[in-house]
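Chemist: from the sequence below, what's the structure:
(one chain, ligands or ions: 2)
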Amino acid sequence: MEEKQKYARAADDIDGYGNDMVLYENQTLDWNDRIYLKVHPENDRKLKYWPENPKSFREILEEYTSRSKLIAEELLKSMARCLNLPDDRFLKQYGDRPVIYARFNFYPPCPRPKLVRGLKPHADGTAITILLHDKEVEGLQVLKDNKWYRVPIMPYALLVIVGDQVEIMSNGLLKSPVHRAVTNSEKERITVAMFCSPESGIDIEPVEELIDDKRPRLYKTAKDYLATYFQYYQQGKRPIDAVKI
Ligand SMILES: O=C(O)CCC(=O)C(=O)O
Ligand SMILES: [Fe+2]
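Modeler: Ligands and ions are numbered 1, 2, ... in the order given. As a prediction, this is how the structure comes out:
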């Protein structure tokens, strides 16, 4: 615990160890301890929050970041191709200097799992999220047609979640799913999410080829989507609703 506190999040910061910021009096708190680190662009890293123990942490996270960045770029190309678009259609909006955060989630055993969520229902504000699951303990659920579905554990597999910004770019053809983490009373659970978002300062909007008479434009141009994300998230609202036409 003492070790963790060395990297404690400052009240006005996102990066660091602890819980999420409390922005509203009636905000639902999550049963989750996390360390949140901006890992890309490299110049924006706040190394004072990067744990020095274990010693290999920094090197491994740097490597994991560059590989995650490549995976996200490959996925954006493939997704464009699947929709019969040129490879670079989504990448153009994603930019060369994507904003990537690593979030290490720790869910302690919870005495009231029926009442308390590890993470409240939300959709990710990213372009792409790459999630490494706990090897043994299940907990992620996805909402479809108003029903929650369990995501089975797949040791060492990476789960890809489409984020709001890809939903916007694809004019709603690719959906950003609402998901949540549930708790359990016996076992702790650890997951690592890599949140890959477009370079800051780039406007995100539906690509032209995906707008036509049959499928009108569904989203406004989003400026600095991440900046407003947490205000909505902590109120349990969906930030994407604010840009729907
Ligand atoms: O821990 C999980 O299974 C989900 C994590 C997640 O959705 C998030 O960090 O946004
Ligand atoms: Fe998420």
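
Chemist: show me the strands in this structure, by range?
Modeler: 16-18, 33-40, 99-107, 117-122, 128-132, 140-144, 147-150, 158-162, 179-182, 189-197 (DSSP state E).

Chemist: tell me where the model's unsure across this structure.
Modeler: 1, 20-28 (pLDDT under 70).

Chemist: what do you get if the cut-off is 90, keeping everything else the same?
Modeler: The model of the chain has pLDDT under 90 over residues 1-34, 53, 108-120, 182-186, 201, 223-239, 241-242.

Chemist: near ligand 1, which residues of it show up?
Modeler: Residues of the chain found near ligand 1 (C-beta under 6 Å from any ligand atom) are Arg103, Asn105, Leu119, Asp124, Gly139, Leu140, His179, Ala181, Thr191, Ala193. Bear in mind the C-beta positions are built from the backbone N, C-alpha and C, glycine included.

Chemist: could you rerun that using 5 Å?
Modeler: Within the chain, the positions adjacent to ligand 1 are Asn105, Leu140, Ala181, Thr191, Ala193 by C-beta under 5 Å from any ligand atom.

Chemist: what bridges to the second one?
Modeler: Read it as Leu140. In this entry, Leu140 is beta-bridged to Ala181, by DSSP bridges.

Chemist: need the contact list for it.
Modeler: Counting by C-beta atoms under 8 Å, 6 or more residues apart in numbering, Leu140 touches Leu131, His133, Arg150, Val151, Leu159, His179, Arg180, Ala181, Thr191.

Chemist: need these in TSV (columns: neighbour count).
Modeler: Below are the contacts of Leu140 laid out as TSV (neighbours: other C-beta atoms under 10 Å):
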residue	neighbour count
Leu131	20
His133	22
Arg150	11
Val151	16
Leu159	16
His179	21
Arg180	17
Ala181	22
Thr191	22
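
Chemist: nearest to Pro41, of the residues you listed?
Modeler: Leu131 (21.9 Å; C-beta to C-beta).

Chemist: can you tell me the closest non-neighbouring residue to the closest one?
Modeler: Leu159 (4.4 Å; C-beta to C-beta, 6 or more residues apart in numbering).

Chemist: was I right to think that neighbour contacts Ile128?
Modeler: No - between Leu159 and Ile128 there is no contact under C-beta atoms under 8 Å: 11.1 Å.

Chemist: closest to Asp96 among the residues of the chain next to ligand 1?
Modeler: Among those, and counting by C-beta to C-beta, the member closest to Asp96 is Ala193, at 22.5 Å.
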